Every structure is written in structure tokens, then in C-alpha cells.
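Undergrad: Okay, predicted coordinates and the sequence, questions at the end:
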Amino acid sequence: MSAAMAEETAVRAPARRPGGRNARVRARILAATTELVARDGIAGFRYEEVAERAGVNKTSVYRNWPDREELVVEAVLRYAEDLASVADTGDLHRDLADFLVALAGGLESPFGQTLEQALQHAGQAPAVQQAVGRILDQRVATMRRRVDSAVEKGELPPVDSAFLGEMLSGPVHLIVNRGVRRFTRADAERIVSVVLAGIRATAAEG
């Protein structure tokens, strides 16, 4: 093939899209898995239903995830990834309030409730337990980075970031798990105000 023909062929050839068809198929399978786990729980999740729910061939599920538990773990990690992030916009109060609102939204979803149940039943799906543990570890790490940044900028006195995270997220879990009412932005703002005020007051007394 001449250089001119090769160049023309290259121009005509469509650019390959990142991920391609397999990435889209995997995304559909993971989405279907989260829906089924939310509906039936981790113990009741049926591997065989995923393909039908996702609208793909069964071989696509088995090829990508030969093991049922591996599929559930990846779906858990993908779904909960955003719940572990804390933004750093320069406004600590807003960043923490945004984090609590996002956390509550995740916990209030059917899938989030399933994860909460998984945490309470240590013998159920050990690999899923480990995945949830990884999510919690990631949340602690991102909270630590945000708190360390706030301390460096003088937004906060030196504080144990893990303790701060527990003080902030504890009321969210309590309100959501009680199920009496929805968690609101006003709740998030109030929690952040009280916790930060307490930390600053304690530091001032010391």
C-alpha cells in the first residue's frame, strides 16, 4: 500500500472510542447488579438474573466476572466511590456539609441500605465485607487530607481527623437509619456548625 493510500485509509478510519463496547457492557452489568442487590439483598442476589436485567448475553457476565462475589464487590465499590470523597473548595464548612448530604443520599438509597445491612452481618459475604471496609478506609483517608489542609490553612486547630469524621457522620447514620424523616441540607449545616464550633472552643480552652 502506498503512503498516500495509507494516509487516506487512516483518515477514513473512525477513531476508537475509549473503553468501547465492552466498557458499556460492563457498566450495564454493574448497574443491573446494584439494582438486583438493592432489591434482593446480598444474600438473595441471583447471578443468573444479571444478564436479563442488563440486556446482555450471559457469556458477557461470566467472561467479565467468573465469580458471583467478585461481581457484587465491584458493584459495591463502583456505587460507593463517590460517598468516600470530600471536596476541597477552600470553604471547609460547605465542603463538609456537601459531604454529609452526599453520604445521606447514598445511605437512603436501597443499595445503601443493603450495604448498611452487610456491615451489621459479619458472616455474610466476607469479600463484600472487605469491600465495604475499603470504602470506609478511603473515606477516613480523604477526610484526613481535607482536615489536614484546613489545619494548614488555619481554618481549624489541630484535630484528630478520624474523630472529626465520626462526629460528623454519626448523626447522619442515626437520622437515616431511624427512618423517621429525610436527612436535609439544614441537618448537614447544623451538624457541621456544632461540631466545628465545639472543636474550636475546645482548642481555645486548651
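TA: Thanks, I have the structure now.
Undergrad: Just give the closest residue to Leu30, not the sequence neighbours.
TA: Ala75 (4.9 Å; C-beta to C-beta, 6 or more residues apart in numbering). C-beta coordinates here come from the backbone N, C-alpha and C atoms, glycine included.
Undergrad: OK, contacts around the one residue sitting closest to the centre of the chain?
TA: The C-alpha lying nearest the average C-alpha coordinate of the chain belongs to Ala80 (C-alpha atoms, centre = their mean; 1.9 Å). Applying C-beta atoms under 8 Å, 6 or more residues apart in numbering to Ala80 gives the contacts 106, 112, 115, 132, 135.
Undergrad: quick one on the thing from earlier: now that the residue nearest to Leu30 has come up, it's in contact with Leu36, right?
TA: No. In this structure, Ala75 is not within contact of Leu36 by C-beta atoms under 8 Å, at 9.0 Å.
Undergrad: quick revisit: farthest pair within the contacts of Ala80?
TA: Gly106 and Val132 (12.1 Å; C-beta to C-beta).
Undergrad: Pull stretch 130-142 out as CSV, backbone CA atoms only.
TA: The C-alpha coordinates for stretch 130-142 follow below in CSV (Å, rounded to 0.1, in the frame of the first residue of the first chain):
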residue,chain,number,x,y,z
GLN,A,130,-13.9,-6.3,52.9
ALA,A,131,-15.1,-4.1,50.1
VAL,A,132,-17.2,-2.1,52.4
GLY,A,133,-14.2,-1.8,54.8
ARG,A,134,-12.1,-0.5,51.9
ILE,A,135,-14.8,2.2,51.3
LEU,A,136,-14.7,3.2,54.9
ASP,A,137,-10.9,3.3,54.9
GLN,A,138,-11.0,5.5,51.8
ARG,A,139,-13.5,7.8,53.5
VAL,A,140,-11.2,8.2,56.5
ALA,A,141,-8.2,8.9,54.3
THR,A,142,-10.0,11.6,52.2
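Undergrad: Distance from the chain centre to it, please.
TA: 9 Å (C-alpha atoms, centre = their mean, to the nearest Å).
Undergrad: in it, what's buried?
TA: 131-132, 135-136, 138-139, 142 (16 or more other C-beta atoms under 10 Å).
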